[in-house]
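**Q** output the structure for:
(2 chains)
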Amino acid sequence: MSIDWLNFTPLASLAGGAVIGISAGLLAARSGRILGVSGFVSGLFETDKEWTARLALIAGLILAPLLIGSFYALPSAVPDVGWTAVIAGGLLVGFGTRLASGCTSGHGVCGLSRLSLRSAVATGAFMASAVATVFVLRHIA
Amino acid sequence: MRPLFALFIGLLFGAGLCLSGMTSPAKVQGFLDISGAWDPSLAFVMAGAIGIGLVFFRLARHRLPAPSHRVDPALVTGSVVFGVGWGLVGYCPGPALTAIASLDPKALTFAAAMLAGTALQRWVASLRVPAGGIAPTASDETAAANACGA
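**A** Numbers count the residues shown, from 1 in each chain, chains lettered A, B, ... in the order given. You can find the predicted model right below:
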């Protein structure tokens, strides 16, 4: 293992992480909701009185890079992989996060912040399988 | 949850993702590639988010039900499946949504496929929960819990 010092951004990442923590914390404190992106996406298929609010949060996520990008140079958001990977990856992320009832935000940020054993197991499992997948892609396949 | 407040939270969360580097699939894969040239930045994202989160969620604990500690096969299987997709492309659900702003065909296709995968799991789960209100068995309970979210 070697550290990729060229791309290492500890301060920006720590600050960005803090902003993520503040947004999730504010939503919990004010609305009593867990900021889980996969859950909000899944909620688009449910027609209750919070449907508009879920759509608004997702719209905020989509608009954020346009706002930040206007005064901060953002790296490319486009994956450097083939079409098969794009389609398979999207299906796996959508299906898997619903089966696990959460993703990097719901389990990784909110759940770990709440010291949930369930979220700790989920985070360990998706981190391990993601690392294994990249290992196979880059060093074996 | 009011729509305007939800929009603000989405913008703030998305801004955090942008600043942190999580919106770059190349950077995410650089973090996951621990045996290559490793970029540990995303560990700092987690540290920043959880450091702040610990304080906020402690203060807000009366606003939320107690966290679940139940570990079941669906949790582990689903997380492993999610991780494969995450590693394959470098998008988890949040960055998959912020990437829509690029209007890049691959970013849009990933988001559509993610939505399809979500719908597929919801459909599979709905097959396991009888709509007529029959007393649930253990496996039905798991499916119902999955449908409710974390």
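**Q** which stretches of chain B form strands?
**A** Secondary structure of chain B (DSSP state E): strands at B:37-38.
**Q** chain A too?
**A** Using DSSP E, strands in chain A cover A:2-3.
**Q** spatially central residue for it, please.
**A** In chain A, the centroid-proximal residue (Cα atoms, centre = their mean) is A:Thr104; its distance is 4.5 Å.
**Q** and the nearest residue to that one once chain neighbours are set aside, how many neighbours does it have?
**A** Sequence neighbours aside, B:Cys92 is the residue nearest to A:Thr104 in space, at 4.2 Å (criterion: Cβ to Cβ, 6 or more residues apart in numbering or on different chains). For glycine as for every other residue, the C-beta is placed from the backbone atoms N, C-alpha and C. Residues near B:Cys92, counting by other Cβ atoms under 10 Å in any protein chain shown, number 27.
**Q** got it, and B:Arg70?
**A** When neighbours are defined as other Cβ under 10 Å, B:Arg70 has 11 of them.
**Q** go on, B:Gly117?
**A** 28.
**Q** which residues does the closest residue to it other than its chain neighbours contact?
**A** Nearest non-adjacent residue to B:Gly117, counting by Cβ to Cβ, 6+ apart: A:Gly94, 2.4 Å away. A:Gly94 is in contact with A:Ser38, A:Val41, B:Gly85, B:Ala113, B:Met114, B:Leu115, B:Ala116, B:Gly117, B:Thr118, B:Ala119, B:Leu120, B:Gln121, counting by Cβ atoms under 8 Å, 6 or more residues apart in numbering or on different chains.
**Q** farthest-separated two in those?
**A** Largest separation among the contacts of A:Gly94 by Cβ to Cβ: B:Gly85 and B:Ala119, giving 15.3 Å.
**Q** show me where chain A has its helices.
**A** Using DSSP state H, the helices of chain A run over A:10-31, A:37-42, A:51-69, A:83-99, A:112-113, A:117-135.
**Q** so A:Arg54 versus B:Pro3, what's the distance?
**A** Remark: distance between A:Arg54 and B:Pro3 (Cβ to Cβ, to the nearest Å) = 9 Å.
**Q** so between these two, which is more surrounded?
**A** Regarding A:Arg54 and B:Pro3, a neighbour count based on other Cβ under 10 Å identifies A:Arg54 as having more, with 22 against 16.
**Q** and the pLDDT at the more buried one?
**A** We have a pLDDT of 97 for A:Arg54.
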